[in-house]
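1. Output the structure for:
(2 chains)
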Protein chains: 2
Amino acid sequence: MSLSMREKWSKEFGEWFRDVLDEAEIYDYRYPVKGCGVWMPYGFAIRKNVLEVVRSILDSLGHEEILLPLLIPEDLFKKEAEHVKGFERQVFWVTKGGETELDVKLALRPTSETAIGPMLKLWIKAHSDLPKKYYQIVSTFRYETEATKPMIRVREITTFKEAHTAHATFEDSERQVKEAAEAYSRIFDEIGIPYMRNKRPEWDKFAGALYTVAFDTIMPDGRVMQIGTVHNLGQNFAKAFDIKYLTIDGKQEYVWQTCYGISERVIAALIAIHGDDRGMILPPNIAPIQVIIVPIPYKGFEEAVDKTCKEILSKLLEKGVRAKYDDREITPGNKFYYWEKRGVPIRIEVGPEDLKMNSVTIARRDTLSRERVEMTEVLKRVNELMVEIMEYIKSRAWSWMKQNTRKATDYNELKNMAEMGRGVIEVDWCGRFKCAHKIEEDTDLRVLGEPWNEDIEPPVKCIVCGESACKKLRLAKTY
Amino acid sequence: MSLSMREKWSKEFGEWFRDVLDEAEIYDYRYPVKGCGVWMPYGFAIRKNVLEVVRSILDSLGHEEILLPLLIPEDLFKKEAEHVKGFERQVFWVTKGGETELDVKLALRPTSETAIGPMLKLWIKAHSDLPKKYYQIVSTFRYETEATKPMIRVREITTFKEAHTAHATFEDSERQVKEAAEAYSRIFDEIGIPYMRNKRPEWDKFAGALYTVAFDTIMPDGRVMQIGTVHNLGQNFAKAFDIKYLTIDGKQEYVWQTCYGISERVIAALIAIHGDDRGMILPPNIAPIQVIIVPIPYKGFEEAVDKTCKEILSKLLEKGVRAKYDDREITPGNKFYYWEKRGVPIRIEVGPEDLKMNSVTIARRDTLSRERVEMTEVLKRVNELMVEIMEYIKSRAWSWMKQNTRKATDYNELKNMAEMGRGVIEVDWCGRFKCAHKIEEDTDLRVLGEPWNEDIEPPVKCIVCGESACKKLRLAKTY
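-> Next up, the predicted model:
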């Protein structure tokens, strides 16, 4: 495919993204509350398929789905001191019921560590109850004061999957952090989203956590978006909420906790990263419609074409392929445009020429290539193509991320790269706040942190102070 | 089954219900905000299966699932005058973001007619866009000032399925009311919940509607619970929100709307109505675990029993039966108690006697009867039993409702029945508010309304004023 197919996509990404959300009827951002959008039917169906991937992976690892209340009383919300410092400026408060002022203000959950706290205290009694691994998929709320952006920086996060776990030992919580990171890697792999895993610096970890591992991806405009985080909470919340268990030796000990979250940013990344100038390209496992069948009418052949289309449709549906026959009375060209925008991975065209040759024409959404396929081979070819398309868009996405990840070896090079403003820059670092902070001051880059659980080249000297370096530091312009 | 199996169930229903929610780990009501509970894993799994029934029926009728924001700005919420009058005393208000007072207060949706209003205005242009049939499944909020009750009268309704439709003509909206009522009937039939359909009186209709049809069921304590409502909204919201479409003749006309809702009360009814003194009895299509396999250990036979249990388990799982093997180290009696409470419809016991005879013992949760089944027949018998159990509990539930629906022919009889305080009472009625109201004043009954779309005996004379009657009126003590 020619590069020009991704010009608008990369150069005017903001506009591209809003246009796709709007024209493909994914998410309507015209709702009259800042930072709140409406999931439309097609978008909702994509969201549902993504959530099925998420649920099946978490369930297979023994997580249990629950549902906690939205409202958190102020006193509960303020129990963990660091947590409240990190979130209080972002909290929406319910202060009235009808005309009555509430005695205790209620927070709309920005996240649910403080909601599950009192429940874990009730649910956990002894070591035999541990570990506990819960998750829920809910709306959470942040009073964002920065500019909002549909699906990416919103006030109602409509699709927050948050997991909360409790363990008998620190070691088991560390094992859980690894399990969670592997689970997230599998989720992103299933939908072809490339990622890097960065341990966020001390000053940018989750409020109340020991440390935070983040999943970052690079968007079409070259800016980095955080698409998932895993936190080891240590015993901070256990102490604040008095969550204890009886050890084998009969002692009361605080549990160790982790939590990890992903949001509709996963869906935003999915839409953005696989796209091109014509619109979305959906991974076949996520596409609500995997195959669209378009009749190419020609005088005298209308009935025969219609009949063949319907036969193909029923054959595909029967075999579990999510196929649809578009028999609307608009031109084939309009239909092509319509379904390309919506990212349907495979298009089958049936015209008079196809009828004569007892074949169909199959077009791939990813490469836009077309091929003629014998009628008897259609199902087989469709199934092959679904695998090929997934492989192609996934490997293209990973190449894109690698191309946009660069090493800077001296400070000038770093500043030049920063000015280009695309992708991730890796440097050697002494590990000190002041050196990382200087880069943030001199450029508009933000510290992503250090590679987590990754084989790295041994660092040599800090790109800022020139002293002996012990770490790699990743930086980028971020969302 | 002996009647005594349903003594506590009917005589101390409130306690029975809380005990089941708690012991079967359905819904934890100890969360520290009044009227808000936590869905625990087992309850969440039941809820998920119920929602699958709901979704599949609505989807099959062409409804599209969407997701609207939670927050409704005050000015939007107040656009339809009757609506706001009906709801304003029940609304939770968000007034602060962080430390900032918001310019416009935000309502936590009590229901979403006013949230979808501005979207329908954007989405509907011409007659070809109609009808539109949307639904969402979300949390809604009511600042209940009456005593709350887990799952039944709550401040966070966690499982509100609300549908919103728009039509070109009044006739089409009337057709939609019927379609919705049929959809709800199918949903309740699928889970075996008996219902009657009552057109609520003028003074008790949905705020902003032309009229309301409600689904009512009778709970074990004899009180009536509303489990679903269907409303014809006429053009009230269309006018308030300026939702118009272009007719074939090129004119702008307001659309006609309906809306209809069900909530976790469906799940409460499901748990309550099928239960007995030992706990829940779940319909097999809803049960997260359909078959529990319990080994009956006997010295020397442990391994053989274990092996057989595992073989049965894998055979059932392979055929798509949701089976589980309980190999915990507690007594069989404890296991029986545990799974009976949780309503698992079928229990398979494997003991030394069974091994000898190459059979198993199968116990039904509904009738508590046990039978010996040959090993080769297990799968077949399980599948038969699932059908038989569903039929049994459904027909028992309908009998229960019919037994508890009585006609009163004179005012004294009505007052006597009211004092007994169980079930639904039907009377002849002149149709006037003052007569209905007098009954409400003289008894603690509440008017349910008149039978909707039902063949009824012709009414003779009003039970209150003695004048010629044109309607039947249903009354009951209600939740």
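
2. got a list of what the residue of chain A most remote from its centre touches?
-> Within chain A, the residue lying farthest from the chain centre (C-alpha atoms, centre = their mean) is residue A:300, at 48.9 Å. The contact partners of residue A:300, taken as C-beta atoms under 8 Å, 6 or more residues apart in numbering or on different chains, number zero. Yep, even glycine has a C-beta here, placed from its N, CA and C like the rest.

3. pLDDT value on it, please?
-> Looking at residue A:300, its pLDDT is 90.

4. Next, work out how far apart it and chain B are.
-> Separation of residue A:300 from chain B (C-beta to the nearest C-beta, to the nearest Å) stands at 29 Å.

5. same question, residue A:384
-> On the measure of C-beta to the nearest C-beta, residue A:384 and chain B end up 28 Å apart.

6. In contact with that residue, which residues are there?
-> Going by C-beta under 8 Å, 6+ apart, residue A:384 touches no other residue.

7. Check the gap between it and residue A:364 for me.
-> Here residue A:384 is placed at a distance of 11 Å from residue A:364 (C-beta to C-beta, to the nearest Å).

8. which residues touch residue A:178?
-> residue A:453.

9. Kindly state the pLDDT recorded for it?
-> Residue A:178 carries a pLDDT value of 98.

10. Helix, strand, or coil at it?
-> helix (DSSP: H, G, I helix; E, B strand; the rest coil).

11. how close does it get to chain B?
-> 23 Å.

12. Nearest spatial neighbour of the most centrally placed residue in chain A, chain-adjacent residues omitted?
-> With distances taken as C-alpha atoms, centre = their mean, residue A:266 lies nearest the centre of chain A, 1.4 Å away. Leaving out its chain neighbours, the residue that sits closest to residue A:266 by C-beta to C-beta, 6 or more residues apart in numbering or on different chains is residue A:227, at 5.6 Å.

13. That neighbour belongs to a helix, doesn't it?
-> No. Membership of residue A:227 in a helix is not supported by three-state DSSP, which gives strand.

14. Let me know whether it touches residue A:264 as I believe.
-> No. The criterion here is C-beta atoms under 8 Å, and residue A:227 misses it with residue A:264 at 10.1 Å.

15. Tell me which other helices or strands the helix or strand harbouring residue A:335 touches.
-> Counting by DSSP states H and E, the element that carries residue A:335 is helix A:332-341. Under the contact criterion of 3 or more C-beta pairs under 8 Å, 6 or more residues apart in numbering or on different chains; DSSP states H and E, helix A:332-341 touches strand A:291-295, strand A:346-350.

16. which one of the ones you listed lies closest to chain B?
-> Nearest to chain B among the helices and strands packed on helix A:332-341 is strand A:291-295; the distance by C-beta to the nearest C-beta comes to 18.0 Å.

17. Tell me the strands beside that closest one, with direction?
-> strand A:323-325 (parallel), strand A:346-350 (parallel) (DSSP bridges).

18. Pick the most buried one from the ones you listed.
-> Mean neighbours per residue, mean count of other C-beta atoms under 10 Å in any protein chain shown, is largest over the strands paired with strand A:291-295 for strand A:346-350, with a mean of 24.

19. Can you give me the buried ones in the helix or strand following it?
-> Per DSSP H and E, the first helix or strand lying C-terminal to strand A:346-350 is helix A:352-356. For helix A:352-356, burial by neighbour count (16 or more other C-beta atoms under 10 Å in any protein chain shown) applies to A:352, A:354-355.

20. residues making contact with the helix or strand bottoming out on mean pLDDT in chain A?
-> The least trusted helix or strand in chain A, going by mean pLDDT, DSSP states H and E, turns out to be helix A:81-87, with a mean of 91. Helix A:81-87 has contacts (C-beta under 8 Å, 6+ apart) with A:77-78, A:110-111, A:113-114, A:206-208, A:236-237, A:240.
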